[in-house]
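Peer 1: The sequence isn't on hand, but the structure is:
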């Protein structure tokens, strides 16, 4: 079991992961839905931060709540999950085709296992049901308008974001994510 002072974990570390000094994990070793996996690696209330970039869309809404509750248990009071998923309100037909439930094509496509396409309302409510306070960092509203709040990438780098995705050029958004910081209230006991 890891017991360092400052434990930060990446769930589903992918090819664009740029989070040095974070513990990199894959589903086979740290499954979001299997509390026993977490118990083997970490003590409750021990993690400073969890990062999940384009992971939660592979869970149903109910599974997302369950995963958030497990993460809540293992985060320190004041700890957070920085989480990014495809944005269901991003007004681009090709984007929506690519992120749709079940994916746009063959079974080996990365989106083939998508179970949900979140918008900011569903995403926020899922984490709130697990006990988190939410800061929306990047998202589109119901009218497709993009909203952005400055965020510190050293607290969890998200490649598929306004600032870092190579598809966003010359002030035009080619690919965005719905990004939140879900924060465990600092006054949480136990």
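Peer 2: That came through, no problem. Bear in mind the structure is a predicted one, so any value in this text is a computation, not a measurement. Numbers count the residues shown, from 1 in each chain.

Peer 1: can you count the residues close to residue 81?
Peer 2: Residue neighbour count, defined by other C-beta atoms under 10 Å, stands at 27 for residue 81. Any C-beta I mention is one placed from the backbone N, CA and C, and that applies to glycine too.

Peer 1: quick one: contacts for it?
Peer 2: When contacts are counted by C-beta atoms under 8 Å, 6 or more residues apart in numbering, residue 81 touches 49-52, 68, 71, 75, 127, 132, 180-182.

Peer 1: Out of these, flag the one nearest to residue 166.
Peer 2: residue 51 (19.8 Å; C-beta to C-beta).

Peer 1: so who does the most centrally placed residue in the chain touch?
Peer 2: For the chain, residue 83 is the residue whose C-alpha lies nearest the centre (C-alpha atoms, centre = their mean; 2.1 Å). Residue 83 sits next to 51-53, 55-56, 123, 127, 179-182 when contact means C-beta under 8 Å, 6+ apart.

Peer 1: Could you say which helix or strand holds residue 71?
Peer 2: helix 61-74 (DSSP states H and E).

Peer 1: For residue 94, see how far away the residue of the chain most remote from its centre is.
Peer 2: Most distant residue from the mean C-alpha position of the chain: residue 170, 26.3 Å away (C-alpha atoms, centre = their mean). Using C-beta to C-beta, to the nearest Å, residue 170 is found at 18 Å from residue 94.

Peer 1: swap in residue 67?
Peer 2: Residue 67 is 29 Å from residue 94, by C-beta to C-beta.

Peer 1: More neighbours: which of the two?
Peer 2: Set residue 67 next to residue 94 and count neighbours by other C-beta under 10 Å: residue 67 wins out with 23 against 10.

Peer 1: if I read this right, that one contacts residue 56, doesn't it?
Peer 2: Yes. Counting by C-beta atoms under 8 Å, residue 67 touches residue 56, with 7.2 Å between them.

Peer 1: Counting by contacts, list what the worst-scoring helix or strand of the chain on mean pLDDT packs against.
Peer 2: Ranked by mean pLDDT, DSSP states H and E, the weakest helix or strand in the chain is strand 23-24, scoring a mean of 90. Helices and strands touching strand 23-24, by 3 or more C-beta pairs under 8 Å, 6 or more residues apart in numbering; DSSP states H and E, are strand 7-11.

Peer 1: What is the strand it packs on packed up against?
Peer 2: Against strand 7-11 (3+ C-beta pairs under 8 Å, 6+ apart) you get strand 23-24, strand 47-53.

Peer 1: Serialize those to a markdown table and add fields for distance to residue 154 and mean neighbour count.
Peer 2: Shown next, in a markdown table, are the helices and strands packed on strand 7-11 (distance: least, C-beta to C-beta, whole Å; neighbours: other C-beta atoms under 10 Å):
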| stretch | distance to residue 154 | mean neighbour count |
| --- | --- | --- |
| strand 23-24 | 16 | 17 |
| strand 47-53 | 11 | 23 |
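
Peer 1: would a markdown table of these with distance to residue 87 be doable?
Peer 2: Converted to a markdown table, these look like this (distance: least, C-beta to C-beta, whole Å):
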| stretch | distance to residue 87 |
| --- | --- |
| strand 23-24 | 25 |
| strand 47-53 | 13 |
